[in-house]
Structures are given as structure tokens and as C-alpha cells.
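Visitor: how would this look folded up:
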Amino acid sequence: MTFTTRAALQAGVHPRDLYRWRDEGDAIELSRGVFRHADAPEPSFPDLLAVGMRAPEAIVCCVSAAVAHGLSDEMEPAVQIAIASGRNLARIAYPPTTVFRFDAETFEVGLSRVEAAPNEFTRIYDPARTVVDLMRLRHRLGEPLAHTVLNRYLESPGAKPGRVLEYANILGAVGPVRLALDIAGAR
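Guide: Prediction:
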């Protein structure tokens, strides 16, 4: 189980006891103020879990989401998260984090969740939204990466190209996404 310092204090744990647990190995500190019981099952995505606990309003996006969905093998040096424009986020030094600001009106389009640890979930964009975001940000994150993720998505069971186009329309990226889908379909 993962918990924050705030949750521990609200449960009546004295800070001295919390840090003794950490120092004696009874709790593992995943990030500043985020702990996990040492005997808890190993998390699948410890960095996503830590960032999700530090920034519960954020959504895992872009390359981090593509890796979590099995659409890319490229690991970014930082967890990529999105926050709604106009919102502030406390600085997260560890794990390293890159923040994208997405339009507040479309911020939750494609919102899903990933099991970062057994029975512990983190907010993440679904695979179709991830494809569209990488196409929208292809000049910043790399066009080859965006096309690789799109192709892996299209080859995956349950792929929904119509949903990709729907999200592209909502997010203002129909042109490049339609072109990429046409090229991928012509292979």
C-alpha cells in the first residue's frame, strides 16, 4: 500500500515514527512525502505511482503513457504528465517529471487509469488519446516516435482508428492524424 505523509499524519502517525519506519526499512520512500510499505507487492510502475500520489490531478501522458500501454519501448528520462492550463503544480524533483499544459476544456478527453501497483491506480490517457497527443507534439517529441506508436496501436487488439480520429477532431489535430492513418493503412 502507498501513502503520503499527510495521510499518515491524519491517521495519527507521528512524523518521528514515519521516518523511523523509512530508516529501518519498514517503509520505502518513492518520492518526497510518498511512502510504500516494504512488504507490499512490487509496483508495476513505481514512478507513475509516485507522481500520481504527488499530483493526483495530473494525467500521465505522451511517451510515459505510450510505454505504460505497451506502444513504445522508448523510456524518457522523466515521467511525462499533463495538467490543465491555468492550474499550478508543486515541483516534483524525484522522480524527474516533465509537465505539459493541456487545454482545460479537453483535458479529460481520453482519461483512463493504469494499475501502477496491485489495486492502486494512476490517471493516464488511454491509448487512442496517447497516439493523438504524440502526433500533436511530434515536432517536439519526434515524428518517428509518433508514427511508431500509431503503428503499434493499429496492430494491437482492440485498436479503434475511429476513436483516434474522434479525439483528433476534438483536439484540433485531424490533418496530421488522418494523413498518418492513411499512410499506415497503405502499408
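Visitor: So which elements touch the helix-or-strand element of the chain with minimal mean pLDDT?
Guide: Each helix and strand of the chain was given a mean pLDDT (mean pLDDT, DSSP states H and E); the minimum falls on helix 174-185 at a mean of 82. Secondary-structure packing of helix 174-185 (3 or more C-beta pairs under 8 Å, 6 or more residues apart in numbering; DSSP states H and E): helix 127-136, helix 143-155, helix 161-170. Placement of C-beta: from N, CA and C, glycine included.
Visitor: what number of residues lie near residue 42?
Guide: Other residues near residue 42 come to 8 when the count uses other C-beta atoms under 10 Å.
Visitor: So for the residue most central in space within the chain, what's the nearest residue that isn't a sequence neighbour?
Guide: The centroid of the chain falls nearest to residue 60 when counting by C-alpha atoms, centre = their mean (1.8 Å). Once flanking residues are discounted, residue 60 sits nearest to residue 124: 4.1 Å by C-beta to C-beta, 6 or more residues apart in numbering.
Visitor: what does residue 95 give?
Guide: The shortest distance from residue 95 to any non-neighbouring residue, by C-beta to C-beta, 6+ apart, is to residue 47 (4.2 Å).
Visitor: is it true that that neighbour touches residue 81?
Guide: No. Assessed by C-beta atoms under 8 Å, residue 47 is found out of contact with residue 81, at 10.6 Å.
Visitor: more neighbours, the two?
Guide: residue 81 (27 against 21).
Visitor: what helix or strand does the more buried one sit in?
Guide: strand 79-84 (DSSP states H and E).
Visitor: Tell me how many other residues surround the closest residue to residue 112 other than its chain neighbours.
Guide: Sequence neighbours aside, residue 126 is the residue nearest to residue 112 in space, at 4.0 Å (criterion: C-beta to C-beta, 6+ apart). Residues contacting residue 126 under the criterion other C-beta under 10 Å number 18.
Visitor: Give me the buried positions along stretch 164-177.
Guide: By neighbour count with 16 or more other C-beta atoms under 10 Å, stretch 164-177 contains the buried residues 164, 165, 166, 167, 168, 170, 171, 173, 176, 177.
Visitor: Touching it from outside, list them.
Guide: 106, 109-110, 128-129, 131-133, 135-136, 138, 150, 153, 178, 181 (C-beta atoms under 8 Å, 6 or more residues apart in numbering).
Visitor: where does that stretch sit relative to the chain's centre, distance-wise?
Guide: 20 Å (C-alpha atoms, centre = their mean, to the nearest Å).
Visitor: next one: stretch 140-153
Guide: 17 Å.
Visitor: avg pLDDT for that stretch?
Guide: Mean per-residue pLDDT for stretch 140-153: 92.
Visitor: Just the buried residues of that stretch, please?
Guide: 141, 145, 146, 147, 148, 149, 150, 151, 152, 153.
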